[in-house]
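Enquirer: The sequence isn't on hand, but the structure is:
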C-alpha cells in the first residue's frame, strides 16, 4: 500500500456507486484510482474535490489502482469566476501532459502546481498561467531556446519576426510572411523578453499565450480543451 499527498485533477462516474479519479502526486506523477463507494460518501459530505490537497492510500500493480483511504489536508484553494476556469484549465493541461509521458520528475512540478493555485487568487492571472506553462514544458523535456534561431544558430534579432517549429524552436521569417500571417509569427523583441523570463510587458504576455499554446500541443494533444469551452459558455451566460 502506497501513501501520497495528492490533488484531484479529474474524476468521472464508475459503475453505480464508484468513481474513477486521476490524482497528481509528487512521487508517482499521475495515478488513476477507483474510489469505490465514493458516491455514498459524497452524500455524507466526504467528497473528493479539485484544488484541495489530500493524503491518500492506494494499492494495485496495474495502471488502475484502488483507492483505500483519503483525508483532506488543510483548506481548499477557493477559486471563482475566471480563476476557477483557469484552475480547470491547469488541471486539464496537466492531466493530458502526464498521460502522454509517464517518466517525468514530478516533485518540482508538484510544487509548481501548488504555487500556481495560490497565485491564481493573489497574482496576475495571465502571468501565473504562462509561468506554469513554461514550467510544464521544461519538466516534460520540451523547453526551447527562445532567444536563438535554430536554423542559423544566431541570436534572435529584436526587430525581426520569427515562426515557431515544433520540437525545434524559432526561425526567422520574412516581413511579407509576417504581414500575411501575423497570428503565426512572433516579434523578436518579445522573444528576447520571454527568454529572460520577463513577461511583465502586456504585448509580450499576449505573444507568450499564442506561442505556448503551439508549444504545448504535442504534449497535450490537438483536441479542444474542455476548460476553454466551459469558460466561453460562462462568459456568454454572464453577458
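Expert: Looks like it arrived, so ask away. It should be emphasised that the depicted structure is a prediction, and the values quoted were computed from it without experimental measurement.
Enquirer: Surely residue 211 touches residue 194?
Expert: Yes: if you go by CB atoms under 8 Å, residue 211 and residue 194 touch, sitting 7.5 Å apart. Any C-beta I mention is one placed from the backbone N, CA and C, and that applies to glycine too.
Enquirer: Looking at the two, which is more packed in?
Expert: Between residue 211 and residue 194, counted using other CB atoms under 10 Å, the more crowded position is residue 194 (25 against 21).
Enquirer: Could you pull up phi and psi at the more buried one?
Expert: phi -60, psi -40 (degrees, to the nearest 10).
Enquirer: Without its sequence neighbours, what residue ends up closest to it?
Expert: residue 146 (4.8 Å; CB to CB, 6 or more residues apart in numbering).
Enquirer: So what's the residue count around that neighbour?
Expert: So residue 146, with other CB under 10 Å, has 23 neighbours.
Enquirer: So for stretch 82-92, what gets flagged as buried?
Expert: Neighbour counts using 16 or more other CB atoms under 10 Å place 83-92 of stretch 82-92 among the buried residues.
Enquirer: Dump those residues to JSON lines, plus pLDDT and distance to residue 165.
Expert: Shown next, in JSON lines, are the buried residues of stretch 82-92 (pLDDT from 0 to 100; distance: CB to CB, whole Å):
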{"residue": "83", "pLDDT": "92", "distance to residue 165": "33"}
{"residue": "84", "pLDDT": "92", "distance to residue 165": "35"}
{"residue": "85", "pLDDT": "91", "distance to residue 165": "30"}
{"residue": "86", "pLDDT": "92", "distance to residue 165": "28"}
{"residue": "87", "pLDDT": "94", "distance to residue 165": "31"}
{"residue": "88", "pLDDT": "94", "distance to residue 165": "30"}
{"residue": "89", "pLDDT": "95", "distance to residue 165": "25"}
{"residue": "90", "pLDDT": "96", "distance to residue 165": "26"}
{"residue": "91", "pLDDT": "96", "distance to residue 165": "29"}
{"residue": "92", "pLDDT": "95", "distance to residue 165": "25"}
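Enquirer: closest to residue 220 among those?
Expert: residue 92 (8.0 Å; CB to CB).
Enquirer: Tell me, what's the model's pLDDT at residue 46?
Expert: For residue 46, the pLDDT comes out at 59.
Enquirer: Begin at 392 from now on, thanks
Expert: Yes, from this point I'll number from 392; that puts the last item at residue 437.
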